[in-house]
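Enquirer: pasted the sequence and its predicted model underneath.
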Amino acid sequence: MQSQDVAPRPAPAPADPVVDVERAEAALVEHYPRLVRLAYLVLPPTLGRNRRVVTAHSLAQRALPRGRASSAPVIPAQSTGREGDPGYAFLRLRVLRTALEADRPLKRLAWPKRSQLPPLLPHVWGLRLFPRSGGADELALDQRLSALSGPARAAYVLRGLEKLADDDVCEVLAAAGVDDWEGALEEADTVEAQYALLDSPEFDPCSLQARPTDLMRRRQHLKAALAAGAALLVCGALLGLPGEGWSPDGPAAPPYAQNPAAEAALDPAQLTKVPALAWQSSARTDFSVWPARGDLTDDSDLLRRALAVWARPGETVAVSATPGTPSGGPPGAPQLLYAGNVDNARVVILHDGLRIARYAEPKDGTSGAALDFSRVDGATRAEASAVVLSRADGNVRFLMAPWVKKAAERDLLKPRSGAMDLTVTDGVTSPMASPATQATGTCTSWNVLQLTDGTGTRVLTDLAELVPARLTTGRPGQVSDASGPAALRTWAPYSCWLGALRSAGVRTVNAWTFARQPLPDGTGSADWVCTRAETWRGGGERVLAQFRTPGSTNAAVVAKAQNVPACGARDPHVLAGVLWKAQTGDWYLLAAGARDTASIRATGGVRGTSQGSLLTVRAKQGAQAELKGTLTSGRSVDGLG
């Protein structure tokens, strides 16, 4: 945090420096990415990421002076080479002033400033542009910055990105038209000083990802705006033609302008329907060899509605997608996995090679239709074994892969209890209780799906997504399915933690007992377990170190991290510690690493070293320590969390 002692606003200089156009233009070319990043960070988050990107570029490009020379207020001396350039200082002030103007509310009787209007240029039709996603820390910082006022956000950015002292920040804010610059600094102090994150790709509007907008709907709106009368005539003609118009597509948005490729993707006759026994002779065992099942696979009207809603969901359609899953229309004619009546709904399951899409509508109409997406690219036989077909009254039904021979449910919290067989009809299971509907904090059972095929038995859990997550145990890189007695006993104390992974795009979750440590009071040995959740998108992994003492039903989470390789196949190492109170009332720091940990050292509030993978040191209640481990290979590892 910077000091909150703020100097009074300095008096204006008697003569402001003059910046000519050529010098300002040279500074803009040299420092353009920096200026755009500054504008992007200061602009109000309510604009949305796409408009913030475009507006940031627009403000930076409009920062050039219009005349041959421009007067710029005095800018404080700063720490890097570019800050000594009055051309850069002038442009930065212009960008900051217009970015702050964009955050001010419009006045009823006053013309809006240009920065308060959507930029006409630069603009890319048909694309949404946004910076590349960063990690959890960047996302958290973006959320905290969005809660600040515009001046406070500017103060934070000037401190962190521009490396200005508080006195200099005050001068720049005052020159940009901020009256309460002292209050802006105080408000900026409420956000943790994670200034290094401001240079991350999350806040770089010059390194962009592009995604398509709803191109067809935009064309329709544009046509309606240019020729409202002609659009009414065209719509009337379409509604009067048999088989055309909006009604056959149910809750889908109005239809596109004609496009042969798009029309082919929306034609039910073009759907891929795999023969029932194709998987037996195929070299692949994934969703691409699932046959089309259900009693409505020949219902062209239902399939047409499902495809149309996928391509252009209407405003009344509830659309959901797991993180990292695009929700745009299919790139071509998709594969039909299921179409039939399930409980009180008509359900269609489609696969386009990247995603599973589930369309559901009530049996008595199309009002209340839902469309769900889940990413499944690269699925293996084990991960392509089941898809959620429906959820009703706290229960879930699954559609099984054609190679599944037996399905059952079991309570993961009770490893010694047996599994209860599920009835499977045309690949659809009878309903089983779903843990995905359990309220947070209440976990008396955790029912999982147990599947058996020709290669073994697997355990999958419903995490409120279309594809259940696979549960495994063992050292990273040597994992096995959590189906045997020992594996089930390993998972039992950690099952309720799975509730924290709902709707996170989880592909597999592994539990690995990496150490067993004798307790210093002689009451037995505690287990150290690392649980790691891998996602379909290849990012956002969650890693937890958990500690369980003898006789405890559940484990305690002692360390956690996100987007780290620890405890995974790329880095099968982990180090964690916990302050533990013995029955005698004494406190200890207990730490453990994987079996290839040669030594552990604790510093900070607790100091101690040990040879080997376990550390036990006397400590005081509330003490904080930092852990550092050394592997047998000589490499250092930090404590998790």
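Expert: Noted; the coordinates are in hand.
Enquirer: give me the pLDDT value at the closest residue to residue 333 other than its chain neighbours.
Expert: Among residues not flanking residue 333 along the chain, residue 270 sits closest, at 3.8 Å (C-beta to C-beta, 6 or more residues apart in numbering). In this view, the C-beta of every residue, glycine as well, is placed from N, C-alpha and C. Residue 270 carries a pLDDT value of 90.
Enquirer: residue 270: how many residues sit nearby?
Expert: Neighbour count of residue 270, defined by other C-beta atoms under 10 Å: 13.
Enquirer: which parts of the protein are helices?
Expert: For the chain, helices defined by DSSP state H occupy the ranges 21-42, 49-61, 86-101, 136-146, 150-160, 166-175, 181-188, 215-226, 228-240, 260-265, 278-281, 300-311, 485-491.
Enquirer: list the buried residues in the first one.
Expert: Okay, so that is helix 21-42. By neighbour count on 16 or more other C-beta atoms under 10 Å, the buried set for helix 21-42 is 23-24, 27-28, 31-32, 34-42.
Enquirer: of the residues you listed, just say which sits nearest to residue 350.
Expert: Ranked by distance to residue 350 (C-beta to C-beta), the buried residues of helix 21-42 are led by residue 40 at 37.2 Å.
Enquirer: pretty sure that closest one contacts residue 50?
Expert: No - at 11.5 Å, residue 40 and residue 50 do not qualify as touching, with contact defined as C-beta atoms under 8 Å.
Enquirer: pLDDT wise, what is the closest residue to residue 145 other than its chain neighbours at?
Expert: Spatial nearest neighbour of residue 145, chain neighbours left out: residue 153 (5.5 Å); criterion: C-beta to C-beta, 6+ apart. pLDDT for residue 153: 91.
Enquirer: residue ranges in this structure under the pLDDT threshold?
Expert: 1-20, 66-84, 104-130, 132-136, 209-249, 252-264, 438-441 (pLDDT under 70).
Enquirer: how far does stretch 322-332 stretch from one end to the other?
Expert: Stretch 322-332 has an end-to-end distance of 21 Å (criterion: C-alpha to C-alpha, to the nearest Å).
Enquirer: need the contact partners of it.
Expert: Contacts of stretch 322-332 from elsewhere in the structure, counted by C-beta atoms under 8 Å, 6 or more residues apart in numbering, are 211-212, 261-262, 264-265, 307, 310-312, 319, 321, 350, 352, 354-355, 357, 373-375, 465-466, 503-505, 535-537, 539-540.
Enquirer: got a quick ChimeraX command for the buried subset of those?
Expert: The buried subset of the contacts of stretch 322-332, as determined by 16+ other C-beta under 10 Å, is captured in ChimeraX by this line:
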select :262,265,307,310,311,312,321,350,352,354,355,357,373,374,375,465,466,504,505,535,536,537,539,540
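Enquirer: out of the contacts of stretch 322-332, which are inside strands?
Expert: Applying DSSP state E to the contacts of stretch 322-332, the entries found in strands are 211-212, 319, 321, 350, 355, 357, 373-375, 535.
Enquirer: the residue nearest to residue 145 against residue 42, yeah?
Expert: Yes - counting by C-beta under 8 Å, residue 153 touches residue 42, with 5.6 Å between them.
Enquirer: report the spatially nearest residue to residue 505, omitting neighbours in sequence.
Expert: Spatial nearest neighbour of residue 505, chain neighbours left out: residue 322 (3.9 Å); criterion: C-beta to C-beta, 6+ apart.
Enquirer: from residue 332, how far off is that neighbour?
Expert: Note on residue 322: its distance to residue 332, by C-beta to C-beta, to the nearest Å, is 22 Å.
Enquirer: which residue, other than its chain neighbours, is closest to residue 471?
Expert: residue 482 (4.2 Å).
Enquirer: more neighbours, residue 322 and residue 332?
Expert: It is residue 322, of residue 322 and residue 332, that has more neighbours when counted by other C-beta under 10 Å, with 24 against 13.
Enquirer: ramachandran coordinates for the more buried one?
Expert: phi -70, psi 150 (degrees, to the nearest 10).
Enquirer: endpoints of stretch 192-199, how far apart?
Expert: 16 Å.
Enquirer: please disregard the earlier target; I meant stretch 369-381.
Expert: Using C-alpha to C-alpha, the two ends of stretch 369-381 sit 31 Å apart.
Enquirer: residue 593: neighbouring residues, count only.
Expert: 29.
Enquirer: which ones are touching it?
Expert: Taking C-beta under 8 Å, 6+ apart, one finds 514-515, 573-576, 600, 613-614, 629, 637 in contact with residue 593.
Enquirer: same thing but 7 Å
Expert: Taking C-beta atoms under 7 Å, 6 or more residues apart in numbering, we find residue 593 in contact with 515, 574-575, 600, 613, 629.
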